[in-house]
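1. need a structure here:
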Amino acid sequence: QVQLVESGGGLVQAGGSLRLSCAASGRTFSNYAMAWFRQTPGKERQFVATITFGDNTTLYADSVKGRFTISRDNAKNTVYLQMSTLKPEDTAVYLCAATRRLYSAHYSDYDYWGQGTQVTVSS
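-> Below you'll find the predicted structure:
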């Protein structure tokens with residue numbers, strides 16, 4: 001089992017920045033690819049970014065490419081999402097997820113999920 005706890009969400013004005021954190025506990029963190037998804041009411045969970053284990057290759061959704069950066073610190077068992085130039089359409093609950101696959105942009109491939117942290121971007 002892997003337990004994931006997100007933090008760092010909040011209210012920010014458009015154009016601002018936030019950094020989300022996801023602390024993991026349980027199994028060996030460095031053996032899991034990590035990802036961020038986001039969800040708004042009535043919509044399917046949307047892929048945001050993922051980072052592999054091993055060589056830390058990253059993959060981003062087109063909607064966040066160039067604005068968001070995913071990173072991980074295996075010594076701290078933590079994955080981060082640095083979000084810049086935020087837009088109102090980035091408003092969502094952001095969820096952290098873990099998978100033993102190399103990486104994936106599909107939420108169904110992820111085995112473990114956090115509870116989420118709310119990000120609200122005002123215009």
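
2. Ignoring the adjacent residues along the chain, who's closest to the spatially most central residue of the chain?
-> Centroid check for the chain by CA atoms, centre = their mean gives W36 as the closest residue, at 2.1 Å. Closest residue in space to W36, ignoring its immediate chain neighbours: V48 at 4.2 Å, by CB to CB, 6 or more residues apart in numbering. Quick note: C-beta positions are derived from backbone N, CA and C, even for glycine.

3. Residues contacting the host helix or strand of the one you found, please?
-> Counting by DSSP states H and E, the element that carries V48 is strand 46-51. Residues from elsewhere that reach strand 46-51 (CB atoms under 8 Å, 6 or more residues apart in numbering): 33-39, 57-61, 64, 68-72, 79, 81, 92, 94, 103-107.

4. Now do the strands in the chain.
-> Listed in chain order, the strands of the chain (DSSP state E) span residues 2-7, 10-13, 18-26, 33-39, 46-51, 58-60, 68-73, 78-83, 92-99, 112-113, 117-122.
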